[in-house]
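Peer 1: quick one, structure for this:
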Amino acid sequence: MSTSLWGGKKGWLSAWKAPVPRGPLRVPPRAARQPRPVLPSVAGAAGVDSINGTAPVVNRRFEEEIKTETTPDLGAVTASEIDIGSEFGLRPKIIYRNLSPAELYEKALRYEKGTHIVANGALAALSGEKRGRSPKDKRVVREETSQDDVWWGEGSPNYEIDENSFHINRELAVNYLNGLDRVFVVDAFANWNAKARFKVRVVTSRAYHALFMHNMLIRPTAKELEDFGEPDFLILNAGPCKANKQIPYVASDACVALNLKDKQLVILGTEYAGEMKKGVFTVMHYWMPKQNILSLHSGCNIGKDNDVSLFFGLSGTGKTTLSADPHRPLIGDDEHCWAENGIFNIEGGCYAKCIDLKPTTEPEIWNALRFGTVLENVVFDPDTRRVQYDSSFLTENTRASYPIEFMENVRIPCVGPHPKNVILLCCDAFGVLPPVSKLTLEQTMYHFISGYTAKVAGTEVGVVDPEATFSACFGSAFLMWHPMKYASMLAEKMEQHGTTAWLVNTGWTGGRYGVGRRMSLKHTRLIIDAIHAGQMAESDFITTPIFNLHVPKSVPGVPSEVLLPESQWTDKADFMNTLEGLANMFVKNFKKFEDGGGYVSADTAKRICSGGPASLVEA
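Peer 2: Residues are numbered from 1 along each chain as shown. A predicted model of the protein is given here:
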């Protein structure tokens, strides 16, 4: 009888004719209360089916009475009571500031079509046409105070926009927000380190966006909110309003424009919530290095001896899985800073992938999905409301946003001492890199700047053979300075605090993808455990050909033959050809960084290059 994944059953309200009371709800004494039907959410009943484009049959009288009810709207203020941007014309009709998750649920269910509560209590929301970030629509204002700092040009993720075009975009967003019946404001913080704390204000048209940022930022106490004052960074999210392609530097219906001088981010033409999270991260990537604080795209956990490990890695390398360790509390899953007094998390929440999520493989994430969590672009059964985590019907990029305290094994405050180990993760689908190797400082900088992993068939349309992927500093899309600046800061801090770096391959062995086999997760976990226990730091090592990686002769619990990839290949000549081919890809990718970008001397740049594979390409 179900009509769709979203719409439920036709006629689910048609049998119930009782009127909805107007005005404040008067609850009768307990003994006098009568049982009544359990109703679905208004938005779920009356909203348009987001997949089939059809509207379920509903009781029209009920629908109209809900629209005209006169119950007082608690939590609403006007622009005359709180100024959130009058200097550039932002004066919305009604402002909801820092509503609780329950209140945001109510607003989202009432006003946002396709929004539902699912079986585990989470709020399922849709992000519209965009179901992932739009990196080619990112724009950074080129202006006098920051233009000499920002990384522009080849390899850079930063596409310029002029100040006038930015202000036109902002005016478009302001006019849209002013024209709405309501907007939502979230005032909260970035950075758990009090000395580096950033006050962030988010103004958005959607309750789901407000709940998302409530989860992702560090939530203020009542006193902190009272004393919040002016924000250090403002996000104007007018995502449902399309950008104007006639504006110079705007290339599509979407535009995510950052002004470092004004400390503002304007979002148009995309409702994907991750744009706000990564907007804050991008700003931290600019402002933190100015304070000699290194911003990092990494996971982080801490052991019983107060030993911290950082995990770097692109999608599919195991960063989330390996940093979520039942024996080591999580400091954070994605964004961190390394300051003079140690590590701290930038965020107050987690943004986990949901595709193929299972309680047996990722119990920490599974158990965090509850009331207060936002589930983005997931599919669920219309009768049971159980989420179908194996479904990619809408997107492979299904996500969950939840406060970090929803994790069972977490360190709060999310801070720690200086890292003991830095672990660079890659998924080598060519099957030629060892499962673990100890890196020199030069090799650490080289592989950190390279940010290597490989795509395999099924990860993207059209990918058949393995494809090398390089993302500088394991997060090129969010870098504001040249990668050499971040790498030199990393090397300086590692050298100062005696940090050891490791390259861990979670990809293939015994042959490339399609021929060999995936590294055993059991073996990878034993390797990580050995790193944490210090069992390999003083081990004997073997140096591999071409890449000159230092592989330990033994790791407790891991067969010694697994540690040397060449021994796992039947065809040794094919192994060497594949190894040389991967080395050529590394060297070709690194050419754009060879000059040091003006952040390191020519001698230092040469030393960093020596940390890479032997050059096999023609000069």
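
Peer 1: just for the stretch 451-600 of the chain, where's the confidence low?
Peer 2: Scanning the stretch 451-600 of the chain for pLDDT under 70 picks out the ranges 456-465.

Peer 1: at 50 instead, please
Peer 2: Filtered on pLDDT under 50, the stretch 451-600 of the chain yields the residue ranges 457-463.

Peer 1: and the most centrally placed residue in the chain, how far from residue 360?
Peer 2: Closest residue to the average C-alpha location of the chain: residue 351 at 5.4 Å, with CA atoms, centre = their mean. For residue 351, the distance to residue 360 equals 22 Å [CB to CB, to the nearest Å]. To be clear about C-beta, it is placed using only N, CA and C from the backbone, and glycine gets the same treatment.

Peer 1: tell me which element the residue nearest to the centre of the chain is part of?
Peer 2: Under DSSP states H and E, the secondary-structure element containing residue 351 is strand 349-353.

Peer 1: next: residue 176.
Peer 2: Counting by DSSP H and E, residue 176 is found in helix 163-178.

Peer 1: what residues of stretch 395-412 count as buried?
Peer 2: 395-404, 406-407, 410-411 (16 or more other CB atoms under 10 Å).

Peer 1: again with stretch 561-576
Peer 2: Within stretch 561-576, the residues that count as buried by 16+ other CB under 10 Å are 562-563, 565, 568-569, 575.

Peer 1: kindly export it (C-alpha atoms) in CSV.
Peer 2: Taking C-alpha atoms only, stretch 561-576 is exported to CSV below (Å, rounded to 0.1, in the frame of the first residue of the first chain):
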residue,chain,number,x,y,z
GLU,A,561,56.0,-11.9,4.5
VAL,A,562,53.0,-9.5,4.5
LEU,A,563,55.2,-6.6,5.4
LEU,A,564,57.2,-6.7,2.1
PRO,A,565,54.8,-6.2,-0.8
GLU,A,566,57.1,-7.6,-3.4
SER,A,567,57.1,-11.0,-1.7
GLN,A,568,53.3,-11.1,-2.2
TRP,A,569,53.5,-10.8,-6.0
THR,A,570,53.9,-13.8,-8.2
ASP,A,571,55.3,-11.8,-11.1
LYS,A,572,58.2,-9.8,-9.7
ALA,A,573,58.8,-8.0,-13.0
ASP,A,574,55.2,-6.8,-13.0
PHE,A,575,55.7,-5.6,-9.4
MET,A,576,58.7,-3.5,-10.4
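
Peer 1: show residues contacting that stretch.
Peer 2: Here stretch 561-576 makes contact (CB atoms under 8 Å, 6 or more residues apart in numbering) with 431-436, 509-511, 516, 520, 523, 542, 544-545, 551-555.

Peer 1: of those, select the buried ones using a ChimeraX command.
Peer 2: Command for ChimeraX that selects the buried part of the contacts of stretch 561-576, burial taken from 16+ other CB under 10 Å:
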select :431,432,433,434,435,436,509,510,511,516,520,523,544,551,552,555
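
Peer 1: now, the contacts of stretch 561-576 that are in strands?
Peer 2: With DSSP state E as the criterion, strands contain 436, 509, 542, 551-552 from among the contacts of stretch 561-576.

Peer 1: wait, which of these is closest to residue 194?
Peer 2: Among these, residue 436 lies closest to residue 194 (CB to CB), at 36.8 Å.

Peer 1: need the longest helix for the chain.
Peer 2: Criterion DSSP state H: the longest helix present in the chain is helix 572-590.

Peer 1: what's downstream of that one, the next helix or strand?
Peer 2: Past helix 572-590, the next helix or strand by DSSP H and E is helix 602-609.

Peer 1: tilt between that next one and helix 572-590?
Peer 2: Relative orientation of helix 602-609 versus helix 572-590 (axes from the mean of the first three to the mean of the last three CA atoms, to 10 degrees): 150 degrees.

Peer 1: pull out the CA atoms of helix 602-609 and give them to me as CSV.
Peer 2: Taking Å, rounded to 0.1, in the frame of the first residue of the first chain, the C-alpha atoms of helix 602-609 are listed here in CSV:
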residue,chain,number,x,y,z
ALA,A,602,65.6,26.3,-2.2
ASP,A,603,67.7,24.0,-0.1
THR,A,604,64.8,23.0,2.1
ALA,A,605,62.6,22.4,-1.0
LYS,A,606,65.3,20.2,-2.4
ARG,A,607,65.5,18.2,0.9
ILE,A,608,61.7,17.7,0.8
CYS,A,609,61.9,16.4,-2.8
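
Peer 1: which other residues reach it?
Peer 2: Contact with helix 602-609 is made by 442, 445-446, 449, 484, 487-488, 590, 594-596, 600, as judged by CB under 8 Å, 6+ apart.

Peer 1: pLDDT (mean, whole number) over it?
Peer 2: For helix 602-609, mean pLDDT is 91.

Peer 1: hey, where'd the helices end up in this structure?
Peer 2: Under the criterion DSSP H, the chain contains helices at 42-46, 60-68, 101-111, 163-178, 207-216, 222-226, 274-290, 319-323, 363-368, 441-450, 483-497, 521-533, 572-590, 602-609.

Peer 1: looking at these, which is buried most?
Peer 2: Most buried of those, by mean neighbour count (mean count of other CB atoms under 10 Å): helix 207-216, with a mean of 28.

Peer 1: and that helix, how far out from the chain middle?
Peer 2: 14 Å (CA atoms, centre = their mean, to the nearest Å).

Peer 1: now distance to residue 232 too, for the helices of the chain, in TSV please.
Peer 2: Output for the helices of the chain, formatted as TSV (distance: least, CB to CB, whole Å):
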stretch	distance to residue 232
helix 42-46	34
helix 60-68	39
helix 101-111	24
helix 163-178	18
helix 207-216	15
helix 222-226	14
helix 274-290	9
helix 319-323	28
helix 363-368	29
helix 441-450	28
helix 483-497	22
helix 521-533	36
helix 572-590	36
helix 602-609	33
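
Peer 1: so which of these is nearest residue 261?
Peer 2: Between residue 261 and the helices of the chain, the shortest separation by CB to CB is 8.0 Å, and it involves helix 163-178.

Peer 1: now the closest one - C-alpha only, PDB.
Peer 2: Extracted in PDB, the C-alpha atoms of helix 163-178 (Å, rounded to 0.1, in the frame of the first residue of the first chain):
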ATOM      1  CA  GLU A 163      34.800  42.500  -3.800                       C
ATOM      2  CA  ASN A 164      32.000  44.100  -5.800                       C
ATOM      3  CA  SER A 165      30.800  40.800  -7.000                       C
ATOM      4  CA  PHE A 166      30.900  39.400  -3.500                       C
ATOM      5  CA  HIS A 167      28.800  42.300  -2.200                       C
ATOM      6  CA  ILE A 168      26.200  41.700  -5.000                       C
ATOM      7  CA  ASN A 169      26.100  38.000  -4.000                       C
ATOM      8  CA  ARG A 170      25.600  39.100  -0.400                       C
ATOM      9  CA  GLU A 171      22.800  41.500  -1.300                       C
ATOM     10  CA  LEU A 172      21.100  38.700  -3.200                       C
ATOM     11  CA  ALA A 173      21.300  36.500  -0.100                       C
ATOM     12  CA  VAL A 174      20.200  39.300   2.300                       C
ATOM     13  CA  ASN A 175      17.100  40.100   0.100                       C
ATOM     14  CA  TYR A 176      16.200  36.400   0.100                       C
ATOM     15  CA  LEU A 177      16.500  36.000   3.900                       C
ATOM     16  CA  ASN A 178      14.700  39.300   4.500                       C
END
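
Peer 1: against residue 336, how distant is residue 204?
Peer 2: Counting by CB to CB, the separation of residue 204 from residue 336 is 26 Å.
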